[in-house]
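A.B. asks: coordinates for the following, if possible.
(chains A, B, C and D)
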Protein chains: 2
Amino acid sequence: MNTQQTIRLAVIDNDSGFVTVLSKRTETAGWQQRVLSSAIPPEELVAMKLNALLLDPTVLGEEAWNYLERVCALLPDLGVIVCTGRSTVAQRVRGLRLGVDDWIAKPCHPEEVMARIEAVSRRRRRSRAGTETGPVVVGELEIRADQFQAFVGDGSLDLTRREFELLQLLADAKGQVLEREAIYQRVWGYAMAHGDRSVDVFIRKLRQKLEKRSPSWRYIHTHFGVGYRFDPETGAGSGQQLGPGEPAEAEDSQVVHSSFTAG
Amino acid sequence: MNTQQTIRLAVIDNDSGFVTVLSKRTETAGWQQRVLSSAIPPEELVAMKLNALLLDPTVLGEEAWNYLERVCALLPDLGVIVCTGRSTVAQRVRGLRLGVDDWIAKPCHPEEVMARIEAVSRRRRRSRAGTETGPVVVGELEIRADQFQAFVGDGSLDLTRREFELLQLLADAKGQVLEREAIYQRVWGYAMAHGDRSVDVFIRKLRQKLEKRSPSWRYIHTHFGVGYRFDPETGAGSGQQLGPGEPAEAEDSQVVHSSFTAG
DNA sequence: TTCGGCTGTGAAAATCCTGTGAACGCAGGG
DNA sequence: CCCTGCGTTCACAGGATTTTCACAGCCGAA
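C.D. replies: Residues are numbered from 1 along each chain as shown, chains lettered A, B, ... in the order given. Next up is the predicted model:
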């Protein structure tokens, strides 16, 4: 298992001894790390594309709970680990309920801190794992992850980065309906604000570019009230090629045992 | 959609004091819990459909590491929390690297244990969002959660989102009579206004669409003065045939009242 | 059998959702 | 400094969906 993907960690702490020791180890392990001695706006955390955030709330003072809450809401995929000195059960429970993933007491061994950060980050990676495989072909479309671009024949679709990421996400989940919130969450990397229409706009741009290069195919289907589904279909008269019982060759066909142990 | 999904927990521990106190709290919180005082084969854990497993490795003796490893490998989506007495940093690190999600030291406050279990389940649920639930088959019907749609053969029923959610709710409670208030509460997410007929209207739409695609079956039954019950039956005189999904337990049809506590 | 309340039904009315074009702000390059 | 490409936001129009309503048919009890 590929548990050893690089971890991008930010540390908010001003306990220099602790941070120094920890940094030495994370560096050895090949993690990418950024140390901050005071809070930065959650919006800036977004741009850092982190896997995990380690922080000592004493740095933040009164704002700590508030800050934790905002960070956890804005970045539901971010692993948040609190590492601090004395704390009460009530504080730990409050933090954990608020969205913190783990709460460690200082003093603590840096190796354990790292193991806990890994444990928290572990889950996220499963989905991204298989995307390194060569060019993916769907319909007339060829998606090349290495070029951040998609082609029809040898003509590029001229996708921008966001457009490409959206297409890739949809294509990876071929046949599945993805809700807007889920799409936004995974492409933009943080929670979608209520009423945001960005996903719709990018879907339109994608459709335009797809239509332009591959007019006889339909790739993106709207599910009213739900979201979008990627499934290449020829629009023309030649036979429909998939009903819902679609071909199972997609690499993500997972068998689920229907053991109904009701209770 | 409810963020507070019920937690299904198994506890492997023979520290009766700890288990008793914890059980009392989890019960109050509406969790489903199973206490075991010794290890059971990982294969049996699968059938229990757990969210989380809490265990004290001292119960397992020498086999502990082995057991942990097998459980984590076999059930990658299960949240595993170790709660035990004295332990070394090395042991904790080993456990966490092996796949354990959290490691708590006894003695500990049950509230914190619960908060940590919740934190682990929360993360777990998020990472596998949407996938995983295989198609459910009832009668001629195939209900696909990943598509927000139901099919008969390869024909879609063209359900809208609400229709689908209603069908899914009914099918999940197959054989049970659901009161209107309970249905409304769960599908619409808030309390039904007195005199609201929405549920009836949607039942009709569902019946129409079911009838259209699967004319020889009856799925939704009315219980006068009470509510509705989902139970696929062939309308024709020929014998009962059962969907491949599961045995038909047409046993006692119990009314489910609108208490929405456990949810 | 009759009556009062419950449920089925069709359609109108109200609401919500999505597609779309365009304006806006921002950043990098010329 | 202006231009260009990109991402975001807004408002509006056309549909799809949901809610509401009135009425007819059905059920169970007296």
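
A.B. asks: need the longest helix for chain A.
C.D. replies: helix A:198-213 (DSSP state H).

A.B. asks: other SSEs contacting it?
C.D. replies: Secondary-structure packing of helix A:198-213 (3 or more CB pairs under 8 Å, 6 or more residues apart in numbering or on different chains; DSSP states H and E): helix A:161-172, helix A:180-188, strand A:217-223. The C-beta positions use only the backbone N, C-alpha and C, and glycine is treated the same way.

A.B. asks: to residue B:103, which of those lies closest?
C.D. replies: Closest to residue B:103 of these, according to CB to CB: helix A:180-188, at 28.9 Å.

A.B. asks: TSV for the helices and strands packed on helix A:198-213, including mean pLDDT?
C.D. replies: Formatted as TSV, the helices and strands packed on helix A:198-213 follow (pLDDT from 0 to 100):
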stretch	mean pLDDT
helix A:161-172	97
helix A:180-188	95
strand A:217-223	97
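
A.B. asks: contacts only, for the closest residue to residue A:72 other than its chain neighbours.
C.D. replies: Computed as CB to CB, 6 or more residues apart in numbering or on different chains, the closest residue to residue A:72 that is not its neighbour in sequence is residue A:99, at 2.8 Å. Residue A:99 makes contact with A:68-69, A:71-73, A:76, A:80, B:122, according to CB atoms under 8 Å, 6 or more residues apart in numbering or on different chains.

A.B. asks: mind giving me the ChimeraX select for these, buried ones only?
C.D. replies: In ChimeraX, this line selects whichever of these come out buried by 16 or more other CB atoms under 10 Å in any protein chain shown:
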select /A:68,71,72,76,80 /B:122
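
A.B. asks: in strands, which of the contacts of residue A:99 fall?
C.D. replies: Judged by DSSP state E, these include residue A:80 as members of strands.

A.B. asks: got the contacts of residue A:99 as CSV, with pLDDT columns?
C.D. replies: Below are these laid out as CSV (pLDDT from 0 to 100):
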residue, pLDDT
A:68, 96
A:69, 94
A:71, 94
A:72, 94
A:73, 91
A:76, 90
A:80, 97
B:122, 91
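
A.B. asks: of the contacts of residue A:99, list those near DNA strand D.
C.D. replies: For DNA strand D, no contacts are drawn from those by CB under 7 Å from any atom of the strand.

A.B. asks: now the stretch 101-250 of chain A against DNA strand C: closest residue?
C.D. replies: residue A:222 (3.7 Å; CB to the nearest atom of the strand).

A.B. asks: which non-adjacent residue is nearest that residue?
C.D. replies: Using CB to CB, 6+ apart and skipping the chain neighbours, the partner closest in space to residue A:222 is residue A:228 (6.0 Å).

A.B. asks: low-scoring stretches of the stretch 151-263 of chain A, by residue?
C.D. replies: A:235-263 (pLDDT under 70).

A.B. asks: make CSV from the helices and strands packed on helix A:198-213 and add mean neighbour count and distance to residue B:105 to it.
C.D. replies: What follows is these, written out as CSV (neighbours: other CB atoms under 10 Å in any protein chain shown; distance: least, CB to CB, whole Å):
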stretch, mean neighbour count, distance to residue B:105
helix A:161-172, 20, 41
helix A:180-188, 19, 34
strand A:217-223, 17, 48
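
A.B. asks: in TSV, list the ones you listed along with distance to residue B:54.
C.D. replies: Below are those laid out as TSV (distance: least, CB to CB, whole Å):
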stretch	distance to residue B:54
helix A:161-172	34
helix A:180-188	29
strand A:217-223	39
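
A.B. asks: get me the contact residues on the stretch 151-263 of chain A for DNA strand D.
C.D. replies: Counting by CB under 7 Å from any atom of the strand, the stretch 151-263 of chain A comes close to DNA strand D at A:160-163, A:188, A:193, A:196-198, A:201-202, A:224-225.

A.B. asks: try 6 Å
C.D. replies: The stretch 151-263 of chain A comes close to DNA strand D at residues A:160-163, A:188, A:196-198, A:201, A:224-225, as judged by CB under 6 Å from any atom of the strand.
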